[in-house]
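Engineer: based on what follows, work out the 3D shape:
(one chain, ligands or ions: 1)
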Amino acid sequence: MNFSDHTSIRQTLENVLEQSKSVAEKGEVASYIPELARREKDLLGVSVCLQDGTLLSAGDAHLPFTLQSISKIFSLMVALCEHGGDYVFRRVGKEPTGDPFNSIIKLETIKPHKPLNPMINAGAIAVAGMIPGATIEARLEKIMRLLRKMTGNADLRVNEKVYQSEKQTADRNRALAYFLKDSGILEGDVEETLDLYFRHCSIEVTTAEVARMAAVLAADGYDIRSGEQLFPREVARICKTFMVTCGMYNASGEFAIDVGIPAKSGVAGGIMAAVPQRMGIGVFGPALDDKGNSVAGVHLLQKLSQQWELSIF
Ligand SMILES: NC(=O)CC[C@H](N)C(=O)O
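Structural biologist: I've put the predicted structure just below:
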């Protein structure tokens with residue numbers, strides 16, 4: 001594949017989009033956060049950001065959606081930059097779970113009671129607890145500042161409706177957080193940390209922005225557009241490894257075989273995929289499979305990976 005031929009890249013994006021659109025039929029839009037349930041099922045968009053910064057899109061790439069679990073990568077980045085790996089990994093593990101993203105079971109059965117990894121809800125709530133700052137706004141700002149740089153969008157913001165909707169219905173996440181507090185993993189005010197977590201999950205983006213963020217990760221933290229190293233190489237390496245082992249929840253093994261790209265999904269239907277040293281990809285398709293991953297999005301990434309030989313394995 002010649003990646004300087006933008007017409008043919010665009011054509012491929014249109015083709016894989018067409019091949020994947022009908023797959024959305026097999027999925028369902030997330031409904032446990034009521035505001036997410038309002039989305040039409042058959043939307044599908046894709047953007048690719050090449051290593052020279054060129055951005056190419058197809059389908060519903062202009063529609064905003066919330067990051068949800070994709071944001072767990074960025075809160076982890078901030079925690080690693082603030083505290084370093086030793087501190088972070090004393091409170092959250094490095095192992096995949098094989099359980100659903102919001103599962104509670106292993107928190108109690110495994111000793112010590114630390115969440116197995118930062119990509120499941122329990123682990124991400126523990127990470128949110130590590131983000132320092134005098135107020136929730138100041139803590140959120142640390143994540144927002146990083147994301148504004150990575151996307152180049154100075155107006156990036158939280159979708160208030162989605163945030164409120166999750167906050168009002170998040171009893172399971174509350175249960176996880178209070179258990180973490182009892183186990184000494186979470187320090188400080190539990191409701192404030194939960195609030196930070198709900199807000200970073202509700203940051204609104206488009207596939208183009210997700211592709212840009214993925215391109216920075218693919219380039220080990222280097223942002224071609226500003227010429228800045230936005231975070232250390234080592235942080236990028238850790239995040240991409242988690243994306244391979246835990247990024248697609250308990251479908252990460254299957255995704256590694258079928259697609260083979262470090263990726264992170266969210267229940268709003270987004271997927272961020274970083275092809276090391278080659279490109280960033282953002283996908284949005286709100287119909288989810290039974291593991292909580294965009295059903296058409298995964299299909300589209302599989303087609304793209306086959307066509308362009310993107311698997312890292
Ligand atoms: N898988 C997800 O995207 C989960 C994120 C969502 N905010 C939750 O906590 O349930």
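
Engineer: so which residue is smack in the middle of the chain?
Structural biologist: The centroid of the chain falls nearest to residue 70 when counting by CA atoms, centre = their mean (1.4 Å).

Engineer: secondary structure of it: a helix, I assume?
Structural biologist: Yes - counting by DSSP: H, G, I helix; E, B strand; the rest coil, residue 70 falls inside a helix.

Engineer: name the nearest residue to it, ignoring sequence neighbours.
Structural biologist: Excluding the flanking residues, the one nearest residue 70 by CB to CB, 6 or more residues apart in numbering is residue 266, at 4.4 Å. Glycine gets a C-beta too; all of them are placed from N, C-alpha and C.

Engineer: burial of the one you found, as a residue count?
Structural biologist: 27 (other CB atoms under 10 Å).

Engineer: so it touches residue 36, yeah?
Structural biologist: No - in this structure residue 266 lies outside contact range of residue 36 using CB atoms under 8 Å: 9.9 Å.

Engineer: now the common contact residues for the two.
Structural biologist: Taking CB atoms under 8 Å, 6 or more residues apart in numbering as the criterion, residue 266 and residue 36 both touch residue 66.

Engineer: state the distance from residue 276 to residue 224.
Structural biologist: Distance from residue 276 to residue 224, counting by CB to CB, to the nearest Å: 15 Å.

Engineer: separation between the closest residue to residue 154 other than its chain neighbours and the ligand?
Structural biologist: Leaving aside its sequence neighbours, residue 154 sits nearest to residue 148 (CB to CB, 6+ apart; 5.6 Å). Taking CB to the nearest ligand atom, to the nearest Å as the measure, residue 148 falls 21 Å from the ligand.

Engineer: so residue 148 touches residue 156, yeah?
Structural biologist: Yes - applying CB under 8 Å as the test, residue 148 and residue 156 come out as touching, 5.2 Å apart.

Engineer: name the residue in these two with the higher neighbour count.
Structural biologist: Set residue 148 next to residue 156 and count neighbours by other CB under 10 Å: residue 156 wins out with 19 against 15.

Engineer: secondary structure element for that one?
Structural biologist: Of the helices and strands defined by DSSP states H and E, none includes residue 156.

Engineer: now do the contacts for it.
Structural biologist: When contacts are counted by CB under 8 Å, 6+ apart, residue 156 touches 144, 147, 148, 203, 204, 205, 209.

Engineer: same thing but 7 Å
Structural biologist: Shown in contact with residue 156 (CB atoms under 7 Å, 6 or more residues apart in numbering): 144, 147, 148, 203.

Engineer: kindly state the pLDDT recorded for the second one?
Structural biologist: Translated: residue 147. pLDDT, residue 147: 98.

Engineer: so it sits in a helix?
Structural biologist: Yes - applying three-state DSSP, one finds residue 147 inside a helix.

Engineer: give me the number of residues near it?
Structural biologist: Residue 147, neighbours per other CB under 10 Å, totals 22.

Engineer: that one reaches residue 74, doesn't it?
Structural biologist: Yes - the criterion here is CB atoms under 7 Å, and residue 147 meets it with residue 74 at 5.9 Å.

Engineer: can you list contacts of stretch 42-59?
Structural biologist: Identification of contacts with stretch 42-59 by CB under 7 Å, 6+ apart yields 3, 6, 9-10, 13-14, 17, 20-21, 24, 60-61, 63, 207-208, 211-212, 214-215, 219, 224-225, 277-286, 296, 300.

Engineer: what's the nearest residue to residue 141 if we skip its chain neighbours?
Structural biologist: residue 133 (7.3 Å).

Engineer: is the one you found in a helix, a strand, or coil?
Structural biologist: coil.
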